[in-house]
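Trainee: need a 3D model of the following:
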Amino acid sequence: MFSRREVEEKQGEFWIERSRVSKPTSLGFYSKLNEHLAAMDFARQVWALCAPAYCEESRGGRPGIDPVVYLKMLMVGFFENL
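Mentor: Take a look at the predicted model:
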């Protein structure tokens with residue numbers, strides 16, 4: 001059913017050094033967005049709005065994702081059409 005290969009293939013290099021990976025250029029859009037969010041005090045407003053939904057740490061359980069980080073992840077997903 002299956003025949004053996006005539007020549008045995010060698011696997012190429014799997015790992016590469018971090019210094020060989022090129023660094024992507026920073027997009028000016030996200031820098032400007034971050035400046036704008038900081039200017040409108042986005043983080044404080046989000047924490048104030050979401051405070052009732054987060055329980056006290058004394059009740060146990062795993063802490064949730066920071067709501068500011070979560071909303072920024074949603075923004076990136078929206079802007080990148082993910």
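
Trainee: from here on, contacts and neighbour counts on C-alpha atoms
Mentor: Fine.

Trainee: what's the spacing between Val21 and Trp15?
Mentor: Distance, Val21 to Trp15, using CA to CA, to the nearest Å: 11 Å.

Trainee: can you get me a residue count around the closest residue to Val46 other than its chain neighbours?
Mentor: Closest residue in space to Val46, ignoring its immediate chain neighbours: Val68 at 6.3 Å, by CA to CA, 6 or more residues apart in numbering. Counted with other CA atoms under 10 Å, the neighbours of Val68 add up to 16.

Trainee: repeat that for Val21.
Mentor: Val21 has 8 neighbouring residues, counting by other CA under 10 Å.

Trainee: again, but for Glu35
Mentor: Glu35: 12 surrounding residues under other CA under 10 Å.

Trainee: ok, Ala43 next?
Mentor: Using other CA under 10 Å: Ala43 sits among 16 other residues.

Trainee: against Leu74, how distant is the nearest residue to it once chain neighbours are set aside?
Mentor: Among residues not flanking Ala43 along the chain, Val68 sits closest, at 5.8 Å (CA to CA, 6+ apart). Distance, Val68 to Leu74, using CA to CA: 10 Å.

Trainee: can you tell me the centre-most residue of this protein?
Mentor: Met73 (6.5 Å; CA atoms, centre = their mean).
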